[in-house]
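1. pasted the sequence and its predicted model underneath.
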Amino acid sequence: MHALLNAATAFSPLAAVDAHTGPQYIGINLDITASIRLFRGEVVIARRLRQSFSRLGFRSRIAVAPTIGSAWALARYGPTKTNLVTEADLVTALAPLPLRALRLPTSTIDAFHELNVTTVGKLLELPRGGIADRFGSEVLTRLDQALGRHGEVLLPKRLPQPLRVSRTFDGAPTERHVLLLTAQELLRTLLHRLEETHEKAGQLVLEIKPAERPTLLYTINLSRPSFDFIHLWSLLELKLEQLHLPQGVEAMRLSLTRLESVRAEHATTLTAASSEVGASSKELGTLLDSLAAQLGEERICRITTAQSHIPERSFSYEPIRSGEPIRSGRTITARRLEETLVATERPSLLFYTPHPIRAMALLPDSPPFWIKWRESTYEVQCGIGPERIAPEWWGDDPSLFESRDYFTIQLPDGTWLWIFREQPHAQWFLHGIWA
């Protein structure tokens, strides 16, 4: 929501989240009266808004109309994804829309449907006095708001401003220790302000203006909000140590964003178990932040499950990007992973790509009595199977995926392997190992 509001306020400071939201949409009301001339028309504003929302991963329906009520109605129930209506055409544009477009309660809409009044146009045909007597004043208020007969005030929502401090240097120093001391001082100042507002930060933004060069921007995402100076400084120091600025630095600015309120915790209400979980969660967040700072966020991944019975498709690795929720699958916790493996009798180590092996079996449906893997030959002590895993008929190309017969076998040293024979070519593969 913060990102959507931020995108909208680029075209007008008078933006507000709509109170009438649903499970499938989020509404933003925007007063562009003073911005039309600046952006060369409503069409340009609507197009650029759609582009901004699309870059954020949202599909949008946009309406430009004389009133809040009419824009609300046309954005949701208009004939196209972008509806532009003038005051002269307002009644004509609203007439075919359903009564839901007037932001009426469901009970009121159902009552009108019993009278075969299903659209705004049919509602306009009824006498106003009769509507007020039978259905109350809210219906006329909503209708008049949409038509511009009744005023409706847009109360803009102020976006939370990031905490920001800056420092301008005299003479563009090149010494690294000067930059480190300055950044440390800026961080302490920001954390002191966080302490006063009882907040934590989820992101650090460092801006450095080298002499005679464009400003450099570095963003540090945190796996969880924090106000721990030692932790935040370790991440910021790492960024500064990587800088090479022989021309010197003219200015430095540090910002804390994605602020969250700190919930007061009373030690008397914490059990030993919850305290231990909280501590381990904090340590995990610190570790993830350190790894991301050194290796890059895209290289730190988590395992998520997927809806597939084919082993290598039943999970995937997705980058842990702070502040961005994983949109597909479910995160596998250690406990859930253990329960899943036990319940399905799957190996604890599953190769993303099955390894080719050689094997020999006496019968087509029997486990092999020996295998050859990595230039070594092993006698099979015992085997369990087969378990047939067929292709996903709704999506697989038959030429790319064949049916498999899986076997669980034990080697002389006690190691258990999960192997399969691919039909119909009888090729053998090693897919997993029980550690």
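-> Received, thanks. Computed from a predicted structure; not experimentally measured. Residues are numbered from 1 along each chain as shown.

2. alpha carbons only for contacts and neighbour counts from here, please
-> Fine.

3. ok, Thr80 - contacts?
-> Arg61 (Cα atoms under 8 Å, 6 or more residues apart in numbering).

4. phi, psi for it please.
-> phi -130, psi 170 (degrees, to the nearest 10).

5. distance check, it against Arg61.
-> Note on Thr80: its distance to Arg61, by Cα to Cα, to the nearest Å, is 8 Å.

6. with Gln307 instead?
-> For Gln307, the distance to Arg61 - Cα to Cα - is 31 Å.

7. again with Leu238
-> 44 Å.

8. those two: who's more crowded?
-> Taking other Cα atoms under 10 Å, Leu238 and Arg61 do not tie; Arg61 has more neighbours (18 against 13).

9. ranges for the strands of the stretch 51-200 of the chain?
-> Here the stretch 51-200 of the chain has its strands, by DSSP state E, counting those that start in this stretch, at 62-64, 82-84, 163-168, 199-210.

10. can you pull out the helices in the stretch 101-250 of the chain?
-> 106-114, 120-124, 128-135, 137-147, 176-197, 229-241 (DSSP state H, counting those that start in this stretch).

11. assign a three-state SS to Ile45, would you?
-> Of the three states, Ile45 takes helix under DSSP: H, G, I helix; E, B strand; the rest coil.

12. next structured bit after the lowest-mean-pLDDT helix or strand in the chain?
-> Ranking every helix and strand in the chain by mean pLDDT, DSSP states H and E puts helix 334-344 at the bottom, with a mean of 46. Using DSSP states H and E, the helix or strand that follows helix 334-344 towards the C-terminus is strand 349-360.

13. in its sheet, what does that following strand sit against?
-> When sheet partners are counted by DSSP bridges, strand 349-360 sits next to strand 370-373 (antiparallel), strand 427-434 (antiparallel).

14. ok, now how distant is the closest residue to Leu240 other than its chain neighbours from Gly202?
-> Of all residues not flanking Leu240 in the chain, Leu180 sits nearest, at 7.0 Å (Cα to Cα, 6 or more residues apart in numbering). Going from Leu180 to Gly202 by Cα to Cα gives 21 Å.

15. and what of Arg299?
-> Counting by Cα to Cα - Arg299 and Gly202 are separated by 20 Å.

16. who's more crowded, these two?
-> Gly202 (20 against 15).

17. residues touching that one, list them.
-> 221-226, 256-260, 323.

18. could you dump the residues you listed to a markdown table with distance to Gly151 and pLDDT?
-> Converted to a markdown table, the contacts of Gly202 look like this (distance: Cα to Cα, whole Å; pLDDT from 0 to 100):
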| residue | distance to Gly151 | pLDDT |
| --- | --- | --- |
| Asn221 | 44 | 88 |
| Leu222 | 45 | 88 |
| Ser223 | 45 | 84 |
| Arg224 | 44 | 85 |
| Pro225 | 42 | 88 |
| Ser226 | 44 | 89 |
| Leu256 | 39 | 91 |
| Thr257 | 37 | 86 |
| Arg258 | 35 | 82 |
| Leu259 | 35 | 81 |
| Glu260 | 36 | 80 |
| Gly323 | 39 | 43 |
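
19. who wins for neighbours among those?
-> Leu222 (24 neighbours).

20. just checking, it touches Val205?
-> No: using Cα atoms under 8 Å, Leu222 is not in contact with Val205; the gap is 11.1 Å.

21. next, show the common contact partners of those two.
-> Joint contacts of Leu222 and Val205 (Cα under 8 Å, 6+ apart) do not exist.

22. count of neighbours near the nearest residue to Phe429 once chain neighbours are set aside?
-> Using Cα to Cα, 6+ apart and skipping residues adjacent in sequence, the residue nearest Phe429 is Pro356, 4.4 Å away. Per other Cα under 10 Å, the neighbour tally for Pro356 reads 16.

23. Pro356 and Asp405, how far apart?
-> 14 Å.

24. who's in contact with the closest residue to Arg374 other than its chain neighbours?
-> Among residues not flanking Arg374 along the chain, Ile357 sits closest, at 7.9 Å (Cα to Cα, 6+ apart). Residues near Ile357 by Cα under 8 Å, 6+ apart: 371-374, 428-430.

25. buried only: go through those residues for me.
-> The neighbour count (16 or more other Cα atoms under 10 Å) marks 371, 428-430 as buried among the contacts of Ile357.

26. how much space between the residue of the chain most remote from its centre and Asp405?
-> Distance from the centre of the chain peaks at Leu362, with 52.4 Å (Cα atoms, centre = their mean). Computed as Cα to Cα, the Leu362 to Asp405 distance reads 15 Å.

27. can you list the domains in this protein?
-> 2-147, 163-264+271-292, 301-344, 349-434 (automatic domain parsing).

28. pLDDT below threshold where in this structure?
-> When residues are selected by pLDDT under 70, those of the chain lie in 1-2, 20-25, 157-162, 263-281, 321-344, 395-400.

29. rewinding a little: could you dump the strands paired with strand 349-360 to JSON lines with distance to Gln51?
-> Compiled in JSON lines, those are given as follows (distance: least, Cα to Cα, whole Å):
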{"stretch": "strand 370-373", "distance to Gln51": "54"}
{"stretch": "strand 427-434", "distance to Gln51": "45"}
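
30. quick one: contacts for the residue lying closest to Tyr218 once chain neighbours are set aside?
-> Spatial nearest neighbour of Tyr218, excluding adjacent residues (Cα to Cα, 6+ apart): Leu206 at 5.1 Å. Residues in contact with Leu206, defined by Cα under 8 Å, 6+ apart, are 217-219, 252-255.

31. which among the residues you listed count as buried?
-> Buried subset of those (neighbour count, 16+ other Cα under 10 Å): 252-255.

32. need the residues you listed in JSON lines (columns: distance to Tyr352).
-> Formatted as JSON lines, the buried ones among the contacts of Leu206 follow (distance: Cα to Cα, whole Å):
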{"residue": "Met252", "distance to Tyr352": "45"}
{"residue": "Arg253", "distance to Tyr352": "44"}
{"residue": "Leu254", "distance to Tyr352": "42"}
{"residue": "Ser255", "distance to Tyr352": "41"}
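
33. having no further points to raise, I will conclude here.
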